[in-house]
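> Give the three-dimensional model of this entry:
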Amino acid sequence: MKILITGGAGYIGSELVNYFINDHEVVVLDNLMYDPTSLLRYTSHPNFTFIKGDVRNTKLLEVLMLDSDIIIPLAALVGFPLCDEDPRAAVEINYEVNQWIADNKRPDQRVVYPCTNSGYGTSDDGTVRTEESPLNPVSLYGRTKVDAEEAFRNAENCVTFRLATVYGPSTRMRTDLLVNNFVLRTLRDRVLVLYECEFMRNYVHIFDVCKAFKFVLDNWETCKGETYNVGNDALNMNKLQLAQTIQRILPLEIIRAEFTTDPDTRDYIVSSDKIYKKGFNCDYNLDDGIRQLLKAYAIIESPWYANY
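Model prediction:
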């Protein structure tokens, strides 16, 4: 089968290609906004094609979609700081392009679209969020992703994910993600200052995210037409618990900032039981990811790779 991945040079996409390249033809469309080298390892593979371009160029997108069997729309302005910096581009890339894909795809084409747990917003009552829970995004980023999810939920032959906060090494590294950021700051400063350390979040290793994409495509008839939370249910934890996990591996002083607020107000507990019941499971725990990140940061000379 032929797989089109938009935004395939990014944090998730540059690793996801590896999960399909040996069994499928993979075409990546990306404008190389960040790291132009993240896909170099695939250039010798006969199944790999790279197209440099803007996903908003629907004429180009239409041509690439024509002979694609599977579409994985990863192209996005990711995170609330980047979206707030250019709101118009955020709406165009995160929502409008995906609405166009949903409206123009063939009924037989499969789409796996990754939304985000950010759609759940905040939870004051500690209720565990499932796929049936109401969505309440607290940022422009969250709203655009939720709107795009709805476009694909209303289209035929699609699966949508709500990804937990992803962590772990990638050839297009991101150090603004919470686990990746905490580990880097611990290495650099040996001190973490925590704001609103009781805020809960769910986490998932990047390789488990890639595994989830492959899982639903390998089990399409039983998975299609549904939305799935994709996270590690053992990793619903607050910021203090995350810092303490890192502290077990690295020397770290934890300081609680009692009178300062965090601009990131996301706070939720999420269950991925629905996809687990389909047969999916996570392979990586938090300790695995932390130790992998330590190896990655020993290699990266200038490790501040962020989406802002």
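> Please enumerate the helices of the stretch 151-300 of the chain.
The residue ranges that make up the helices of the stretch 151-300 of the chain, judged by DSSP state H, counting those that start in this stretch, are 178-189, 206-218, 220-223, 239-247, 273-277, 286-299.
> Let me have these in TSV, adding distance to I5, mean neighbour count and mean pLDDT as columns.
Every residue, glycine included, has its C-beta placed from N, CA and C. Shown next, in TSV, are the helices of the stretch 151-300 of the chain (distance: least, Cβ to Cβ, whole Å; neighbours: other Cβ atoms under 10 Å; pLDDT from 0 to 100):
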stretch	distance to I5	mean neighbour count	mean pLDDT
helix 178-189	22	19	95
helix 206-218	10	20	98
helix 220-223	17	12	98
helix 239-247	30	18	97
helix 273-277	21	15	98
helix 286-299	22	16	95
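> Could you dump those into TSV with distance to A75 added?
Putting those into TSV (distance: least, Cβ to Cβ, whole Å) gives the following:
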stretch	distance to A75
helix 178-189	21
helix 206-218	15
helix 220-223	23
helix 239-247	29
helix 273-277	24
helix 286-299	24
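> how close does the residue of the chain most remote from its centre sit to E196?
When distances are taken from the C-alpha mean of the chain, F259 lies farthest, 31.0 Å away, according to Cα atoms, centre = their mean. Spatial separation of F259 from E196 under the definition Cβ to Cβ, to the nearest Å is 11 Å.
> shared neighbours, these two?
Taking Cβ atoms under 8 Å, 6 or more residues apart in numbering as the contact criterion, no residue touches both F259 and E196.
> which regions of the stretch 1-150 of the chain sit below the pLDDT cut-off?
When residues are selected by pLDDT under 70, those of the stretch 1-150 of the chain lie in 123-124.
> which residues of it fall in strands?
For the stretch 1-150 of the chain, the strands identified by DSSP state E, counting those that start in this stretch occupy 2-6, 25-30, 48-52, 70-73, 110-116, 128-129, in order along the chain.
> before we move on, the earlier item: so which of the helices of the stretch 151-300 of the chain comes closest to S133?
helix 273-277 (11.6 Å; Cβ to Cβ).
> CA atoms of that closest one as CSV?
Extracted as CSV, the C-alpha positions of helix 273-277 are listed here (Å, rounded to 0.1, in the frame of the first residue of the first chain):
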residue,chain,number,x,y,z
ASP,A,273,-8.9,1.2,27.9
LYS,A,274,-10.9,1.3,24.6
ILE,A,275,-7.8,0.7,22.4
TYR,A,276,-6.4,-1.8,25.0
LYS,A,277,-9.5,-3.9,24.6
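> Show me the contact partners of it.
With contacts defined as Cβ under 8 Å, 6+ apart, helix 273-277 is touched by 130-131, 212, 215, 226, 228-230, 233.
> Disregarding flanking residues, what is the spatial nearest neighbour of A90?
Residue nearest to A90 in three dimensions, not counting chain neighbours: C83, with 3.8 Å by Cβ to Cβ, 6 or more residues apart in numbering.
> I'd say that neighbour and Y95 touch.
No. In this structure C83 lies outside contact range of Y95 using Cβ atoms under 8 Å: 10.7 Å.
> quick one, which of these two is more surrounded?
More crowded of C83 and Y95, by other Cβ atoms under 10 Å: C83, with 25 against 20.
> Let me know the distance separating L187 from N285.
Counting by Cβ to Cβ, the gap from L187 to N285 is 20 Å.
> how about the strands of the stretch 1-150 of the chain in TSV, adding mean neighbour count and distance to G13?
Output for these, formatted as TSV (neighbours: other Cβ atoms under 10 Å; distance: least, Cβ to Cβ, whole Å):
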stretch	mean neighbour count	distance to G13
strand 2-6	24	5
strand 25-30	24	7
strand 48-52	16	11
strand 70-73	24	8
strand 110-116	24	10
strand 128-129	18	26
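> could these go into a markdown table alongside distance to R248?
Formatted as a markdown table, the entries for the strands of the stretch 1-150 of the chain read as follows, by distance: least, Cβ to Cβ, whole Å:
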| stretch | distance to R248 |
| --- | --- |
| strand 2-6 | 36 |
| strand 25-30 | 38 |
| strand 48-52 | 40 |
| strand 70-73 | 36 |
| strand 110-116 | 28 |
| strand 128-129 | 26 |
